[in-house]
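Chemist: just to be clear, the model below is a prediction. Sequence and coordinates:
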Amino acid sequence: MTDDTTDTTEHSSEDAEMAADGGEASMVEYGIEDRPPLIQSIFLGTQHWLTMVGSTIAIPLVLAGPVGLGFDGAQTAQLVGTFFVVSGVATLAQTTIGNKYPIVQGGTFSMLGPALAIITVMGGSDGGASATVMMRELQGAIIVAGGVEVLIGYFGVFGKLKRYIGPAVIAVVIALIGLALISVPQITNPSQNWYLVGLTLGLIVLFSQYIDDYSRLFKLFPVLLGLSIAYLIAAGLSVVGVINVIDLSPVADAPAVRAITPFQWGMPLFSGSFAAGMIAGMLASAIESFGDYHSVARMAGEGAPNRQRINHGLGMEGLGNVFAGIMGTGNGSTSYTENVGAIGITGVASRYVVQIGALVMILVGYVGYFGAFVTTIPDAIVGGLFLAMFAQIVGVGLSQLQHVDMNQNRNVFVVGFGLFAGMSIPQYVAGLENGAMEAGLSNIPLLGGVLGIPEVATTISIIAGTEIAVGGIAAFLLDNTIPGTPEERGLTAWEDITEDEDAFEPYHERFMPGGEPANEDIAND
């Protein structure tokens, strides 16, 4: 990392040069290696943290009800705080010794499905196992799934597949990352306050798209400004009684310091069937992260990630999952799509800024007042934020098609079918009754004996119910089987924009046997 602060003039010249080389960085205000001034970085890092607040609160709240923690506000708040701490630590690890991209780590919806399935099997909170036993089972399943991802990452499984994954496949995967989140309750809840949703969305779009050239304040902080103004307006209207969407009583009731420790729910329990289901969720999460790496590289004006960077990123995400299991989130850890979208909207792709944001996450997790205050942000404001973030991600995914010859019918079909299959098949799977998938697989000739095994059926069900996995696999199979030249498929252009193999240096290779930095540049990093 460079220690020099980069001013606007330098950025403008760098952006112009890179834009001339292919338009990759025309939107970048701060690149990966840039370090904005400390005070500015704190606000930018806080902005990154705020973009992930919605999901980081939503996932533990979804878990708390069926587990039984929902009946105890203190336990639910403890779970939310744990998510923040795990997210902060995992983010610091990923940005420092993982793939070194400015990408936030946090809870994943891909592993929420398996978690809820495990809770259902155990009887949920209505007469089944106790809340702590269910959390201990989730801990064990997540630790096993994380261990498998560590092996997948550091043995280079996804890196070996990279040569077969072209821009058409990546376009489908990234677009589905955004499209798959269309149904989040902060957006689709029919009782949502749509005036507040529209206000938040309108402010973010105004600052980031219409008046961003008028002030660097608008260019750098559109999300922070939009959320803050919308929150203040909502608070004011709540005080005068026009609406009732903000209640600050949780802040007053919160402890000053929240003790978040390893194995806080008890020692993990390990069940084979539960681990198999969680591994399926992890695989879907890994596919999503593969797309996120390409997405953040494009938004940061960098070449597509090489094999080593992909492998080390997924390996570190596996370690993040193990850490999440140890700390007891009841969910895993993966790359946060929301923050990828924030980079696109703000043009701030600084690794240093994301690391500052990670420290904010850890602080918020342990300081009870901060965590409690976050829970007072209305869903409507979070929904407006999500609309802007997810739309940005879909657009970035589709922009990958500039490398593909879309005049060729085979490419049109690959992209169209991948997107449609990814959105439709999981809807079908979600509508099946419990046990229907296992029964159907059991009746398949010759293979029924294997596919009908509960663990296998659960794995297939989870993968088939995940939009990114279904669409990505469909596009991958079609793109590699339908005849087409490397030029038509975009593989040639893809190879040209992929970073060199020596562009990424794993942390453990940075030092020579004697413990000295391998070269002067590394010594100054």
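Modeler: Ah, there it is. Numbering: from 1, shown residues only.
Chemist: rest of the way, CA atoms for contacts and neighbours
Modeler: Noted.
Chemist: mind checking which helix or strand of the protein has the lowest mean pLDDT?
Modeler: For the chain, using mean pLDDT, DSSP states H and E, the weakest element among its helices and strands is helix 520-523, scoring a mean of 36.
Chemist: quick one, what contacts residue 366?
Modeler: Residue 366 makes contacts with 81, 85, 257, 258, 259, 260, as judged by Cα atoms under 8 Å, 6 or more residues apart in numbering.
Chemist: just the buried ones from those residues?
Modeler: 81, 85, 258, 260 (16 or more other Cα atoms under 10 Å).
Chemist: how about the strands in the stretch 301-450 of the chain?
Modeler: Taking DSSP state E, counting those that start in this stretch as the criterion, the stretch 301-450 of the chain carries its strands at 334-335.
Chemist: so who does residue 426 touch?
Modeler: Residues in contact with residue 426 (Cα under 8 Å, 6+ apart) are 464, 465, 466, 467, 470.
Chemist: turn those into TSV, including secondary structure, pLDDT and distance to residue 53.
Modeler: Compiled in TSV, these are given as follows (DSSP: H, G, I helix; E, B strand; the rest coil; pLDDT from 0 to 100; distance: Cα to Cα, whole Å):
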residue	secondary structure	pLDDT	distance to residue 53
464	helix	80	28
465	coil	77	25
466	coil	75	22
467	helix	83	23
470	helix	87	27
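Chemist: neighbour-wise, give me the winner out of these.
Modeler: Within the contacts of residue 426, neighbour counts (other Cα atoms under 10 Å) peak at residue 467, which reaches 29 neighbours.
Chemist: excluding chain neighbours, what is closest to that residue?
Modeler: Across the structure, with Cα to Cα, 6 or more residues apart in numbering as the measure, the residue nearest residue 467 apart from its sequence neighbours is residue 422 (4.4 Å).
Chemist: my read: that neighbour touches residue 469, true?
Modeler: Yes - with contact defined as Cα atoms under 8 Å, residue 422 counts as touching residue 469 (7.4 Å).
Chemist: just for the stretch 1-150 of the chain, where's the confidence low?
Modeler: Along the stretch 1-150 of the chain, the parts satisfying pLDDT under 70 run over 1-27, 54-55, 70-73, 123-129.
Chemist: break down it into its strands, ranges please.
Modeler: Defined through DSSP E, counting those that start in this stretch, the strands belonging to the stretch 1-150 of the chain, from first to last, are 105-106.
Chemist: quick one: the helices in it?
Modeler: Remark: helices of the stretch 1-150 of the chain, listed N- to C-terminal, are 8-20, 38-51, 53-67, 73-97, 112-121, 131-154; assignment by DSSP state H, counting those that start in this stretch.
Chemist: so which of those gets nearest residue 442?
Modeler: Of all the helices of the stretch 1-150 of the chain, helix 112-121 sits nearest to residue 442, with 19.8 Å by Cα to Cα.
Chemist: which residues does the spatially most central residue of the chain contact?
Modeler: The centroid of the chain falls nearest to residue 336 when counting by Cα atoms, centre = their mean (2.0 Å). Contacts for residue 336 were tallied using Cα under 8 Å, 6+ apart; they are 52, 103, 104, 105, 106, 107, 108.
Chemist: quick check: it vs residue 450, distance?
Modeler: Computed as Cα to Cα, to the nearest Å, the residue 336 to residue 450 distance reads 35 Å.
Chemist: and if you look at residue 492?
Modeler: Between residue 492 and residue 450 the distance is 40 Å, computed by Cα to Cα.
Chemist: with residue 205 instead?
Modeler: Residue 205 is 51 Å from residue 450, by Cα to Cα.
Chemist: cool, and residue 80?
Modeler: When Cα to Cα is the yardstick, residue 80 and residue 450 sit 39 Å from each other.
Chemist: okay, the two: which has more neighbours?
Modeler: The neighbour comparison of residue 80 against residue 450 (other Cα under 10 Å) goes to residue 80, with 24 against 14.
Chemist: the more buried one contacts residue 56, doesn't it?
Modeler: Yes - the pair residue 80 and residue 56 qualifies as a contact (Cα under 8 Å) at a distance of 7.2 Å.
Chemist: ok, longest helix in this structure?
Modeler: Under DSSP state H, the helix in the chain containing the largest number of residues is helix 272-299.
Chemist: quick one: contacts for residue 148?
Modeler: For residue 148, the contacting residues are 279, 318, taking Cα under 8 Å, 6+ apart as the criterion.
Chemist: that one and residue 321: what is the separation?
Modeler: For residue 148 relative to residue 321 (Cα to Cα), the value is 10 Å.
Chemist: now residue 420
Modeler: Note on residue 420: its distance to residue 321, by Cα to Cα, is 30 Å.
Chemist: looking at the two, which is more packed in?
Modeler: Neighbours per residue (other Cα under 10 Å) separate residue 420 from residue 321, with residue 321 holding more: 32 against 16.
Chemist: is it true that that one touches residue 330?
Modeler: No - Residue 321 sits out of contact with residue 330 when judged by Cα under 8 Å, with a separation of 10.2 Å.
Chemist: shared neighbours of the two, anything?
Modeler: By the contact definition Cα under 8 Å, 6+ apart, residue 321 and residue 330 are jointly contacted by residue 142.
Chemist: and residue 188, how many neighbours?
Modeler: Number of residues near residue 188 (other Cα under 10 Å) recorded here: 11.
Chemist: do you know the pLDDT at it?
Modeler: Note on residue 188: pLDDT of 80.
Chemist: quick check: closest non-adjacent residue to it.
Modeler: Once its chain neighbours are removed from consideration, residue 188 has its nearest residue in residue 182; the separation is 7.6 Å (Cα to Cα, 6+ apart).
Chemist: need the three-state assignment for the one you found.
Modeler: At residue 182 the chain is in coil, as set by DSSP: H, G, I helix; E, B strand; the rest coil.
Chemist: between the contacts of residue 336, which is nearest residue 218?
Modeler: In terms of Cα to Cα, no member of the contacts of residue 336 lies closer to residue 218 than residue 52, at 19.9 Å.
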